[in-house]
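Engineer: all I have is the shape, not the residue letters:
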């Protein structure tokens, strides 16, 4: 089975996530036949065998009394169709990974799966997770950059792990929700990691073999300087023939070893990473050089649009980091090769709890774009806080640019994984829901994130008595997090470096371009065309007007787009400063309710999960109180305006 | 010569500091006889031989035509007397280290030494430098905690350096200015460093042998938990007989190996270090247990009074870190054994550019106290900034408590060294002046620091054309640093963790007890008895009244003691906020003048020194501008008061 994990082989001391044995009850009680050959069919067959063995059904061949047939072929290898004959036999028709997706669709639907019919296919061909894992432990960033779930699943002791059993279990989880691509290493490519492309390639082969049976293609993050660093050339100029030849040879060698290799992820000319600017070339030149090497093999370049001046001067009010991606990339629309995907962060800054949707997404109609989310909770509580992000991603994907929602403008979605070698996979057990929701929204961006949450809860927690309280605890958790952190879309206010916990002025006088400009009279960033940085002008109608005017700008983004007096009255009817106080008190109260709700779940969820989440909630409450008090005190000291309700502000 | 360095053996690639060959010209031209035996006399003889060889004199014995005799004995081994007979022969009478001190007195005085007569003795028996060097490289603090001069002189690769030649050269420099004690390891004692007391003792013996010929006794920083960590006991309770017995045995073993061992330095119950509080004992119990072990051998316990709650809540305005040392220690006056020295930082907080003198110094008349300074520039520019601290230390030592200046209340002075394996010893070549001034003030606390600066300049820089410009550059550098950093004694406003560069709110919402409480109306810490923390009440008259009243409180300490409106008028006639603006512009202008002055010194100082200082001045100017702009912008944003002179505030 090429390293795939038989479904029944639960790993000791590792949480089963959303695939506990109970999740297979309805399917496992049936008589099931799996038709087909190859690694995917083998995976489905192994899953079906384990499920039926556990729940009283049977895996059969040639038997006329069937409940379920999984068979091929279908035109789209990722699609599947469900039909039912007069005898009541359900048939899933698919080929390739579609067979696996159909199988897990039935698992999720449970008994009702055996009533329904219909066709299913993913919205995108690109449903990708990026691992910011380092092979070597980085002196500052550790094994996993922005990782909050222990060490890397993939690497330990400076090499790919000898035992990939857990990687296989992870691939199984991803395959079950339709993720079809993974990037295996950090986009900040350090020296050892660069060599995955060449002399460490045999290790990548081992990883690719573990992901393949789950319909997942492996990708590598590469450094643009590879021709110099690895090839011994004197330049990495993308227009240099020797450089192109080096990429062609190197890429051919990769495909000789991994025929279904997915392609490269590149962070170029960004935060110190090398790129085409060094050679007077633009990003299309850079991306296309790599694309040319990948094209013969069907590979893709994922080129990150995260380019900005990270040595900005806080005294300079004309430079606006929010503008950077649009300024850099939209002039290149139409210049990128067909097998380049431009990877655009969901917002113009950096994965904040609240940002407007990136205007780049609407501005490059002839470029393939992927929207990039961050499942790992860098700015959203670092898996110490409950923060279910499905609603955030759904808002982005359904954001209307004219008559087209964002998901219709994109060729796919990518995200930074939140998984590590933690026994609960994600540090905080409830953060598994984010991984789950990401995969499910990548499949169907119009899905209701609240329904996805219910789905995840029902699969993961066998006791139905836990379901409603858990849903109540989690469904508003993103809003609660937003409430007790930086107000009204202004962002940051986090501790520099580790990005955890409050530091209102922490980034205010730095080079990073993330400011709030609070003074004794008001707060916020003027990004209007009239008096500010002009960022609003990067939006099409109606947003360029909606955001330009504080009277029409949505409250939750007001301080992202405008510098307003503390007494400015929001659509909610509150002043800005009173809104700050109210939301910060409310955010902490929401966490206090989470604590109470979770306490009521003792005995309804497993003890190890209960203990871990309890411990994290203690920290979340402590941290939320710290956010509340620091932000409220900061604005009371600056504004001098007392709380209308006389609550304690220190 | 027990590892001592012959004076003529200049180390290649190492700067000679204040003992270049030229410094010995006057003495070296004479006919000199050195009478006596032992390591100190040997050191003096070697110095005299090198000097006379270089400058045309001679080292002689039994010769009647003498210019200079250095001979013993004298009652006080650290004193010396200069006499002159009718034939014009100068005699220095001394025994022990006094002989060395007398020799270097003559070197410093040059030709005029051969005119003068008189008796000299040090003000204190304790003239000590503490090394915050780690044996192992600490993951955060590095090899030398708060060290800005490269690696440790003492340790490399996890052990005492095999070659101690540079340590010998360092010991020579210290001996030449009268330093007589060194602590060899960081007061934060980690696992490996703890073992210097026991199984690594042979390494300490090697170091002690190198310091001994220069009149310097070795000390170790020890962890209070040593009986547990090293002795395998279950307790470190200072009243436990087994614990006392362990300290007695261990200490006896140390003295068997190092008969002139100086004693122990202990940071207990402070910033996470273990201490007597764990056992319900007080600091006198703790110190006396170690003192008992050292007493038979003439050893001393240096017990740091740096004890405060470093998990303070910024919301709690009643706890005042400034009060802590007095609160903890003064009730114990009279309880400490005779061979305990309580080591009290010069100010109540932590080595800020400006603090009031610690009231503990006046409050423990029956306890031996040492005033602790910080030669390493943790908060004063980290040896990237020129900041000559002699005037600061002099102000402290001459501060009048009633009719007694501080230096008459103390049994000695200690300081944290600023030396590392840097070729200029101190990173910034001009920071050598701080090491020099410390030693000279420890000998004579009434010395004029400006004269000491001239003395250091004249010794160090052979070209007289350099002297006046250098003095001009350095003499006001402490004031310049104070001007462009935190205003009016309020302190901190530095970047958390590394303590370099500005971050006005960096410590404002932390657990460290270092706040400024700036709001839209005013700034400063109310430490009055009337309305604040009551810290002013720890001072005797007149200071308890002087500091209590903003009308009498010195301007430079106003915000240390009072929270005042921005419009409060200082004795200078300026408002607080205008003072902030003016001093910050003035501070940067002072650095600009330093740059110009230094440029004029090209060719008048050696090229390597010129290059290094030039490079540091570039950084100092950049950093001073950053301080100016961040502090000014911060207070403009908070106060809304424009600069009276219309200068640019961002």
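Structural biologist: All right, it came through fine. Not measured: the values here are computed from a predicted model.
Engineer: quick check on residue A:142: phi, psi?
Structural biologist: Backbone torsions for residue A:142, taken as degrees, to the nearest 10, come to phi 80, psi -160.
Engineer: which parts of the stretch 201-350 of chain A are helices?
Structural biologist: Ranges of helices in the stretch 201-350 of chain A, per DSSP state H, counting those that start in this stretch, are A:201-211, A:226-229, A:241-257, A:283-294, A:324-329.
Engineer: right, and chain B sits closest to which residue of the stretch 451-600 of chain A?
Structural biologist: residue A:519 (3.6 Å; Cβ to the nearest Cβ). For every residue, glycine as well, the C-beta is placed using N, CA and C.
Engineer: in what helix or strand does the nearest residue to that residue once chain neighbours are set aside lie?
Structural biologist: Nearest non-adjacent residue to residue A:519, counting by Cβ to Cβ, 6 or more residues apart in numbering or on different chains: residue B:637, 3.6 Å away. Secondary structure from DSSP states H and E places residue B:637 in helix B:607-639.
Engineer: ok, now residue A:33?
Structural biologist: strand A:31-34.
Engineer: tell me the angle of the helix or strand that that strand is followed by relative to helix A:201-211?
Structural biologist: Where DSSP H and E defines the elements, the next helix or strand beyond strand A:31-34 is helix A:39-55. Interaxial angle of helix A:39-55 relative to helix A:201-211 (axes from the mean of the first three to the mean of the last three Cα atoms, to 10 degrees): 50 degrees.
Engineer: could you give the average pLDDT over helix A:39-55?
Structural biologist: The average pLDDT within helix A:39-55 is 95.
Engineer: now it, how far from the chain's geometric center?
Structural biologist: Its chain's C-alpha centre and that of helix A:39-55 lie 29 Å apart, by Cα atoms, centre = their mean, to the nearest Å.
Engineer: for residue A:523, give me phi and psi.
Structural biologist: Per degrees, to the nearest 10, the backbone of residue A:523 is at phi -150, psi 160.
Engineer: what's the burial count for it?
Structural biologist: 26 (other Cβ atoms under 10 Å in any protein chain shown).
Engineer: quick one, what contacts residue A:503?
Structural biologist: Contacts for residue A:503 (Cβ atoms under 8 Å, 6 or more residues apart in numbering or on different chains) come out as A:493-496, A:630, B:505-506, B:509.
Engineer: actually residue A:193, not the one I wrote
Structural biologist: A:134-136, A:185-186, A:221.
Engineer: also residue A:142?
Structural biologist: Shown in contact with residue A:142 (Cβ under 8 Å, 6+ apart): residue A:134.
Engineer: who is it paired with across the strands?
Structural biologist: Here residue A:142 sits in beta bridges with residue A:138, as judged by DSSP bridges.
Engineer: now the residue nearest to the spatial centre of chain A, what are its backbone angles?
Structural biologist: Nearest to the geometric centre of chain A sits residue A:415, at 2.9 Å (Cα atoms, centre = their mean). Backbone torsions of residue A:415, given as degrees, to the nearest 10, read phi -160, psi 160.
Engineer: can you list the residues of the stretch 251-400 of chain A near chain B?
Structural biologist: A:314-315 (Cβ under 8 Å from any Cβ of the partner chain).
Engineer: related to what we said a few turns ago, kindly reformat the contacts of residue A:193 as a markdown table containing pLDDT.
Structural biologist: Shown next, in a markdown table, are the contacts of residue A:193 (pLDDT from 0 to 100):
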| residue | pLDDT |
| --- | --- |
| A:134 | 96 |
| A:135 | 96 |
| A:136 | 93 |
| A:185 | 97 |
| A:186 | 96 |
| A:221 | 98 |
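Engineer: now for these, which sits with the most neighbours around it?
Structural biologist: Within those, neighbour counts (other Cβ under 10 Å) peak at residue A:185, which reaches 29 neighbours.
Engineer: spit out the contact partners of that residue.
Structural biologist: By Cβ under 8 Å, 6+ apart, the contact set of residue A:185 is A:131, A:133-135, A:193, A:196, A:220-221.
Engineer: sorry, back to before: what's the burial count for the residue of the stretch 451-600 of chain A closest to chain B?
Structural biologist: 19.
Engineer: before we move on, what SS does it have?
Structural biologist: coil (DSSP: H, G, I helix; E, B strand; the rest coil).
Engineer: for it, what are its contacts?
Structural biologist: A:638, B:636-638, B:640.
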